[in-house]
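K.L.:
Okay, predicted coordinates and the sequence, questions at the end:
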Amino acid sequence: MVGKGAMSNSIEEIAGADMILVIGSNTTEAHPVISLRMKKAVRNGANLVVIDPRKIELTRWANRHVQLKIGTDIPVLNAMAHVIIKEKLYDAEYVAHRTEGFAALSQHLEMYTPEFAEELSCVPAEQIVSTAREYAAASPKASICYTLGITEHSCGTHNVQAVGNLALLCGNFGQENAGVNPLRGQNNVQGVSDMGALPTDLPGYQKVEKPEVREKFEKAWGVPLPKRRGITKITAMDQMIKGDVKAVFIMGENTVVSDPCSGHSKHALEAAEFVVVQDIFMNDTARLADVVLPAAAFAEVDGTFTNSERRVQRVRKAVEPPGEARADWRILLDLFEYMRMPQGLETPSDVWDEVAALAPILSGISYERLDKEGGIQWPCPTPDHPGTVFLHQDQMDSGLPGQFAPVDHIPPVEEPDDDYPLFLTTGRRRSTYHTGTQTGRAIGFEELVPHEMAELNPVDAVALGIEDGEMVRVSSRRGSLDIHARVTDRSPKGAIFMAFAHPDTAPTNVLTIDAYDFITETPEFKACAVRVEKLGVG
Amino acid sequence: MSSLATEAPIDVNGVIVPSRPGRRVLAVLRDAGASVPTLCFDDRLEPQGTCRMCLVEVEVDGRVETVASCTALSEPGMSVRTHTDEIVEYRKILLEMLLSEIEDPFRTSQAAALGNHEFQAAVREYGAQADTFNPIECRAKADDLNPFISRDYDLCISCFRCTNICNDWEQASAITVAGRGQDSTIFSKFNNLLMESPCTFCGQCVNTCPTGALSNRKMAGTITPAPMGWNADSPPEATISIPAPSGDTVQLGPETSVHRTSTICPYCGVGCGINLITQDGELVGSEPDFSAPSLGSLCVKGQFGSWDFINSDERLKTPLIKNAHGEFEPVSWDTALALISDKLKHYRDVNGPDSLVFWSSARTTSESNYLAQKFTRVALGTNNVDNCSRT
């Protein structure tokens, strides 16, 4: 509603905020180095409020932990906006000059009283009122940080919009130490989208369905380009099962372990006629492939990663890849040759120069500059542009007024019932990474988290007769597994938490649901219904 | 103070730099390109002024004083001398007193090779002698067999950077100072085992330690010792200088066989800077890059987990094709690429471009991702390219 998917502000700016609202981010575990800036801000007197169903470690630094029921972010955020409008705490001048849709939003939010939100979210109304007042008072030095706790819901897009409404109301876009900051999970998750590895976008977020955009790329690449947007991963898997998609090339992703409802992705890849996997290790996804290509790892390649704050940074080759393994970029250039379309590109630097020529947000960035100046934050349109520390300064990045989005509460697709009485919410732990293919091979890490654990609230544990450390069976409508129970008040009553970095012993994603946000198709990893049973073995 | 006075510049060893209110003398002298050794100073922490290595002579309005530059505030019109004969001798004596309290600081290979050993660099620079003072008893070693952090307190000079970085910067409260004066030790609650303390193994104590009392246990023994140990009579020539936790650079020992490559941590989206350490073409470890926007901070993954998976025996080393029995067989690149291109062309031409999909990766470089989407659109003829950021 204001621009592209990226942090509006920079990591360092978090340390200077007067208020930090962290929602759906287990920052000390998933982004430890960003949490240092939060802790620094708190030490300098900032007000940290954590909105999260779990009593995460970061709550130790928070003035308030708003412990909402899983999947009720929108009622809480809407009620905060309701208070800010009712009490006229919003930035009227900013709303008048830089936004659109205020009247419709205020009308829409009439019903979202703090008391109504309390009914849905179990958050005391006065906590919502205080948090709203504090956010408005701290603006425009109020930073919102969120991550997958917001997006990994079937209403993920609406969650993000509800967050954005708050920031727009209080004038927090285009200000230092403010903004809306999605903390990105993977080393180059920003870069992969910046490069146009998306069914809708060419490099630099230029829309493939716009004729003038296609024309520009057709001229540069010398071939006609497909006019229609492509299909997402999720749609592609359905089409593999239907037989419409015949072949898939997977570069560096352990889909079978990382996707929800593992059975589904495995079934899809088995249905495809031809599967190529390019990776650094044999993994559960590669085992389903017809051809496996050995790739070089980060330490063996030159290139760039773009971090969460839009900073393009140089990755440099330190050692040769093992055996015959090759860099991903080299393999792709080789494949172009085999397809009789040689690209005339020799080095990652050549590739970058082509990117810079085609993507205006990156046009001012070159390897020469990166080597000399260090990382540069996009947008950086010209070689003399210093890069952009925070977005939306004079106008929204989209070039349009910020759009308020009236959104409604949508409960998770699957909620606990008599058969499956607990929520399962999944996430990360500090010393394991994603599916564990890297940290699982790092010496010493097995001592930190020897095995996966189902974190269970003491009240639920007593009710089920389960003791800390014992093996339990966790089942959902899609699958079941046996796992160590960890009895802890980090988990709220009625919900268990698991990570997914030990797929051999605890393949968490056999349990998760294949429900998706209807716009982005992000899976609902944060909520499904499970049952926990005592195994009764000694 | 008149406004005219605030504009009076500062003279550092004859180099004139502008005066700005509220700046510490240490920052001003760095503005002027001057450098003094620091042992208790970490640029991320409040200055302590306890090690006295950064003492400088300052003169304002005819008053001459010797101050710790890390804590003293600069004043307009100030004149700063960083290396008077008296101060140079004083620093050397301070270093020799510290040397008498600890074991040979050059005994470990990491001490010579890694970037944070500011004490060893100062000893080399000032030619401090180990035997000037009678040795006194060293601190006891901590018996702590955690897999990551080696704690050899017989190299501890009580700068307390480790406890400060743990408590003030990380706010992990894993380690603290126990006891007083010469009897003080670094202790972790509750039984002095880091694995049972709130330690997250971010490794910042290791990175800020100026002597190597704390070191990366995973790298112990992997670096070949320096070609020559420390020798007071012929201090070896420093070879390169790299950014250190003090915010200044530090001169490294003559460890010519160690090479460092500045790159980015391969884990989350924060993008912290790391240096990969290689020796004879082998990856042996990593250290934080203090010149990066991450200010040298890392978490346990970047600090202790960024290199050994690269060296894993389980890495894929050759293309593989699944045979009729469902088993993978090694093949040449030519065979694999010819098969892939034939198949992709077949589906493209027979079933149509939209029967093909490419899933790109948030783990690989932007350049590879650019080529992946270009390959999909140009060679396969479809927009069916997506990435793992949805899942």
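P.N.:
The structure has been received and is ready for your questions. Residues are numbered from 1 along each chain as shown, chains lettered A, B, ... in the order given.
K.L.:
Got the domain ranges for the chain?
P.N.:
All of this is about chain A. A:11-183, A:185-227+A:295-383, A:231-289, A:422-534 (automatic domain parsing).
K.L.:
I was thinking of chain B, sorry if that wasn't clear
P.N.:
The record assigns chain B these domain ranges, following automatic domain parsing: B:3-83, B:89-304, B:321-390.
K.L.:
Could you tell me the least trusted of these?
P.N.:
Of all these, domain B:89-304 carries the lowest average pLDDT, namely a mean of 85.
K.L.:
Skipping its backbone neighbours, what lies nearest the spatially most central residue of chain B in space?
P.N.:
Ranked by distance to the mean C-alpha position of chain B (CA atoms, centre = their mean), the top residue is B:Pro288 at 3.4 Å. The shortest distance from B:Pro288 to any non-neighbouring residue, by CB to CB, 6 or more residues apart in numbering or on different chains, is to B:Gly296 (4.1 Å). From N, CA and C alone the C-beta is placed, and that goes for glycine too.
K.L.:
Quick check: the one you found vs A:Val33, distance?
P.N.:
B:Gly296 sits 10 Å away from A:Val33 when distances are taken as CB to CB, to the nearest Å.
K.L.:
Comparing those two, which shows the higher neighbour count?
P.N.:
The residue with more neighbours, out of B:Gly296 and A:Val33, is B:Gly296; 27 against 22, by other CB atoms under 10 Å in any protein chain shown.
K.L.:
right, and B:Glu96 touches B:Ala122 too?
P.N.:
No: under the criterion of CB atoms under 8 Å, B:Glu96 lies out of contact with B:Ala122, with a separation of 11.2 Å.
K.L.:
How about the secondary structure of the closest residue to A:His158 other than its chain neighbours?
P.N.:
When the adjacent residues along the chain are set aside, A:His158 lies closest to A:Val407, with 4.0 Å between them (CB to CB, 6+ apart). A:Val407 falls in the coil class when you classify it by DSSP: H, G, I helix; E, B strand; the rest coil.
K.L.:
residues touching A:Val407, list them.
P.N.:
A:74, A:78, A:155, A:158, A:161-162, A:165 (CB atoms under 8 Å, 6 or more residues apart in numbering or on different chains).
K.L.:
Please repeat the previous calculation with a cut-off of 10 Å.
P.N.:
Listed by CB atoms under 10 Å, 6 or more residues apart in numbering or on different chains, the contact set of A:Val407 reads A:74, A:77-78, A:105, A:108-109, A:155, A:157-162, A:164-165.
K.L.:
Likewise for A:Pro348?
P.N.:
A:301-304, A:314-315, A:317, A:327, A:329-330, A:367, B:365-368, B:370-371.
K.L.:
Just the helices from the stretch 301-450 of chain A, written as ranges.
P.N.:
Taking DSSP state H, counting those that start in this stretch as the test, the helices found in the stretch 301-450 of chain A are A:328-338, A:348-358, A:367-373, A:445-448.
K.L.:
between those helices, which gets nearest to B:Asp168?
P.N.:
With distances scored as CB to CB, the stretch of the helices of the stretch 301-450 of chain A nearest to B:Asp168 is helix A:445-448 (23.9 Å).
K.L.:
Could you see whether chain B lies near that closest one?
P.N.:
Yes: applying CB under 10 Å from any CB of the partner chain, one finds helix A:445-448 touching chain B at A:445-448.
K.L.:
and stretch A:283-296, anywhere near chain B?
P.N.:
Yes: if you take CB under 10 Å from any CB as the test, stretch A:283-296 does meet chain B, through A:283, A:285-296.
K.L.:
ok, A:Thr99 to B:Leu155 distance?
P.N.:
When A:Thr99 is compared with B:Leu155 (using CB to CB), they lie 59 Å apart.
K.L.:
More neighbours: the two, which one.
P.N.:
Shown here are A:Thr99 and B:Leu155; by other CB under 10 Å, B:Leu155 has more neighbours (26 against 23).
K.L.:
Not counting its neighbours along the chain, what's nearest that one?
P.N.:
Excluding its sequence neighbours, the residue lying closest to B:Leu155 (CB to CB, 6+ apart) is B:Ala213, at 3.8 Å.
K.L.:
elements contacting the helix or strand containing B:Lys92?
P.N.:
In the assignment (DSSP states H and E), B:Lys92 maps to helix B:85-101. Using 3 or more CB pairs under 10 Å, 6 or more residues apart in numbering or on different chains; DSSP states H and E as the contact criterion, the elements in contact with helix B:85-101 are strand B:55-60, strand B:63-68, helix B:118-126.
K.L.:
Buried residues in it, which are they?
P.N.:
Residues of helix B:85-101 classed as buried by neighbour count (16 or more other CB atoms under 10 Å in any protein chain shown): B:87, B:90-92, B:94-96, B:98-101.
K.L.:
can you check stretch A:369-383 too?
P.N.:
Buried residues in stretch A:369-383, counted by 16+ other CB under 10 Å: A:369-370, A:374-381.
K.L.:
quick one: which of those residues is nearest to A:Ala17?
P.N.:
Taking CB to CB as the measure, A:Gln377 is the one of those closest to A:Ala17, at 18.1 Å.
K.L.:
can you pull the contacts of that closest one?
P.N.:
Residues near A:Gln377 by CB under 10 Å, 6+ apart: A:6-7, A:10, A:306-307, A:309-313, A:365, A:386-391, B:293.
K.L.:
buried subset of the residues you listed?
P.N.:
Neighbour counting over the contacts of A:Gln377 (16+ other CB under 10 Å) leaves A:6-7, A:10, A:306-307, A:309-313, A:365, A:387-388, A:390-391, B:293 as the buried ones.
K.L.:
Which member of those residues is positioned nearest A:Phe274?
P.N.:
For A:Phe274, the closest of the buried ones among the contacts of A:Gln377 turns out to be A:Thr306, at 31.4 Å, with distances computed as CB to CB.
K.L.:
So the closest one is in contact with B:Tyr370, correct?
P.N.:
No: using CB atoms under 10 Å as the test, A:Thr306 is too far from B:Tyr370 to be in contact (11.6 Å).
K.L.:
Contact residues of the stretch 51-200 of chain B facing chain A?
P.N.:
Residues of the stretch 51-200 of chain B found near chain A (CB under 10 Å from any CB) are B:146-148, B:168-172, B:195, B:198, B:200.
K.L.:
What distance do you get for B:Ala32 to chain A?
P.N.:
Computed as CB to the nearest CB, to the nearest Å, the B:Ala32 to chain A distance reads 23 Å.
K.L.:
Quick check: closest non-adjacent residue to that residue.
P.N.:
What sits nearest to B:Ala32 in space, not counting adjacent residues and going by CB to CB, 6+ apart, is B:Val12, at 3.6 Å.
K.L.:
what about A:Lys4, neighbour count?
P.N.:
Residues near A:Lys4, counting by other CB under 10 Å, number 18.
K.L.:
Which secondary structure state is assigned to it?
P.N.:
Of the three states, A:Lys4 takes coil under three-state DSSP.
K.L.:
residue of the stretch 1-150 of chain A with the smallest distance to chain B?
P.N.:
For the stretch 1-150 of chain A, the nearest residue to chain B under the criterion CB to the nearest CB is A:Pro32, separated by 3.7 Å.
K.L.:
cool, and the stretch 401-538 of chain A?
P.N.:
At 3.0 Å from chain B, A:Gly444 is the closest residue in the stretch 401-538 of chain A, using CB to the nearest CB.
K.L.:
Based on its surroundings, how many neighbours for that residue?
P.N.:
Under the criterion other CB under 10 Å, the count of neighbours that A:Gly444 has is 17.
K.L.:
Surely it and B:Asn146 touch.
P.N.:
Yes: distance between A:Gly444 and B:Asn146: 7.9 Å, which falls inside the contact criterion (CB under 10 Å).
K.L.:
anything in contact with each of those two?
P.N.:
B:201, B:217.
K.L.:
Could you check how far the residue in the stretch 51-200 of chain B that chain A sits nearest to is from A:Ile23?
P.N.:
Going by CB to the nearest CB, chain A is nearest to B:Pro147 of the stretch 51-200 of chain B, at 3.0 Å. According to CB to CB, B:Pro147 stands 35 Å off from A:Ile23.
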